[in-house]
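Colleague: please work out how this folds:
(one chain, ligands or ions: 1)
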Amino acid sequence: MAERVPTLYEWAGGAEALERLTEEFYARVRKDELLAPLFAHMAEDHPQHVAVFLGEVLGGPEHYTEHHGGFRHMLSRHRGRRIRPEQRARWMELMLEAMDVVGLPDDPEFRSAFVGYLEFGSRRAMANSQPDAEPTRRTTIKKWGWGEAPPGTD
Ligand code: HEM
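Modeller: Next up is the predicted model:
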């Protein structure tokens with residue numbers, strides 16, 4: 001029987017690896033002139049909550065849905081923030097740096113899948129943060145997988 005393909009969450013190193021990622025990322029955000037103003041009032045546990053959210057997206061436990069208000073709560077935190085394209089681009093840049101610094105797996109299969117999600121999520125966050133954003137029908141967190149290149153792909 002074929003072995004089960006690990007989830008992106010498992011491959012990344014689980015909750016602990018994602019927490020290291022978001023701690024490193026928000027340390028950079030706090031010092032960044034484009035992003036710091038947007039996050040000036042974030043709670044102490046914001047990095048940890050985003051790690052839990054990402055874990056759920058990547059196929060880990062559904063703890064953001066069960067304990068942190070779920071998809072609609074995440075949406076409400078972006079609403080009205082008017083994220084600008086250059087802020088989104090910087091957000092991606094700092095995420096990519098943080099991934100390398102904390103040593104997330106750097107195989108092409110994992111990175112392309114994870115970065116694919118971050119491009120998707122950050123563009124959705126930016127769109128939903130505009131004052132004229134269309135209401136979102138989705139109520140549950142979207143899951144992300146390996147896409148075209150699961151581990152072991154030639
Ligand atoms: C894949 C992309 C993204 C994900 C998964 C994500 C996830 C989240 C989550 C889960 C929260 C709520 C945290 C909580 O429950 O406490 C949040 C809040 C927030 N996000 Fe995002 N986000 C993304 C992209 C962005 C981008 C691109 C920006 C801006 C450049 C942004 C700005 C914010 C801000 C300002 C908050 C509120 C912070 C506060 O509480 O003061 N997000 N995000």
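
Colleague: and the helices in the chain?
Modeller: Using DSSP state H, the helices of the chain run over 8-12, 14-30, 46-57, 63-67, 70-78, 85-102, 108-128.

Colleague: neighbours around residue 111, how many?
Modeller: When neighbours are defined as other Cβ atoms under 10 Å, residue 111 has 16 of them. Heads up, the C-betas are built off the backbone N, CA and C, glycines and all.

Colleague: dump the residue contacts of it.
Modeller: Taking Cβ atoms under 8 Å, 6 or more residues apart in numbering, we find residue 111 in contact with 99, 104, 105.

Colleague: mind redoing it with 10 Å?
Modeller: Counting by Cβ atoms under 10 Å, 6 or more residues apart in numbering, residue 111 touches 96, 99, 100, 104, 105, 149.

Colleague: quickly check the residues you listed for the two that are furthest apart.
Modeller: Spatially, the most separated pair among the contacts of residue 111 is 100 and 149, at 19.6 Å (Cβ to Cβ).

Colleague: looking at those two, which has the bigger crowd around it?
Modeller: Between residue 100 and residue 149, counting by other Cβ under 10 Å, residue 149 is the more crowded of the two (16 against 11).

Colleague: give me the most central residue, this protein.
Modeller: With distances taken as Cα atoms, centre = their mean, the chain has residue 54 as the residue nearest its mean C-alpha position (4.8 Å).
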